[in-house]
Every structure is written in structure tokens, then in C-alpha cells.
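A.B. asks: Test case, fold it:
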Amino acid sequence: MEARGIHHVGVAVADLDEAVQTYERLFGARLEYRERVEAQGVEAASMQVGNGRVELLAPLGDETPVGRFLASRGPGMHHVAYEVDDLRAALSDLAQQGAELIDAEPRRGMFGFQVAFVHPESVHGVLSEVVSRA
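C.D. replies: Numbering: from 1, shown residues only. Now for the predicted structure:
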């Protein structure tokens, strides 16, 4: 598998509106897209920062993955997302390379992209997301 690049860095936040304002004020970021993703238990805001992107994630409840992350670690970096051309092929290759997949099958993410997560133990402690436009 060869990633096309880093698609975004995910940041867990308690208050999405406040975080959006902070990124706009401090970094000149521009709100690109905002969506409630019920299946993942988050409301997310994609912030365009120059040529890069930060995805702000606020939990929809305490028992969601991001809710539990905030309770145990507090706000901060949650994951790194890598863009690939073919998500199913990437997942197959990752599994063959011995990576522990959280998602063996793609699911819908923001922008209508297909996404899947790789367990942090396989990537030196960093939760990693693989995303594809198709």
C-alpha cells in the first residue's frame, strides 16, 4: 500500500463551536465542512489550514469512542488519516503486512468518503485512519 498523502489530522474536542473559532482565530483556518456522523458518534468539522486539513471531533455522548477518549486523555490529537486510491486493496495489504485492523470493511466517513481505522498498537501508538474518495 502506498498512501497518496496525509488527508487530515483528527483532534478530539469537548466544544466544537469553540474549537472552530479557536482554529479560525489562531491559524486563519477556514471551515470547509461540518457534519454529524451518527455511526461514529461524533459531530465533526473539517478545517482547511493552508494546504492541510484538521478534523475537529466532538462526541455525541460519553460512551462514544471520542467521548471515552476525552474522558481518559482529555482534548488533543486523536488520529492521523492517510488517503489512498483503493481502500479495500489498502486494507488487504495492511492485513497481509500484519496490521491489526479495527475496521476490516470500509464504512462511510465525512465527505461521503470510505474510511477504516488501524489499531494504534500496529502504528507505534497512533490511531490511524485510511480514507478513499471511492
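A.B. asks: Can you tell me what sits against the lengthiest helix in the chain?
C.D. replies: In the chain, taking DSSP state H as the definition, the longest helix is helix 16-27. With CB atoms under 8 Å, 6 or more residues apart in numbering as the test, helix 16-27 has contacts from 11, 13, 29-31, 34, 43-45, 47, 49, 54, 56, 58. In short, each C-beta sits where N, CA and C put it, glycine included.
A.B. asks: Least confident secondary structure element in this protein?
C.D. replies: Lowest mean confidence among the helices and strands of the chain (mean pLDDT, DSSP states H and E): strand 107-108, at a mean of 92.
A.B. asks: partners of that one in the sheet?
C.D. replies: Strand 107-108 has its sheet partners listed here by DSSP bridges as strand 114-118 (antiparallel).
A.B. asks: Give me the angle between the helix or strand just after the strand it pairs with and strand 114-118.
C.D. replies: Counting by DSSP states H and E, the element after strand 114-118 in chain order, helix or strand, is strand 128-132. When axes from the mean of the first three to the mean of the last three CA atoms, to 10 degrees is applied, the directions of strand 128-132 and strand 114-118 differ by 160 degrees.
A.B. asks: so who does the residue of the chain most remote from its centre touch?
C.D. replies: Relative to the average C-alpha location in the chain, and by CA atoms, centre = their mean, no residue lies farther out than Q96, which sits at 22.9 Å. The contact partners of Q96, taken as CB under 8 Å, 6+ apart, number zero.
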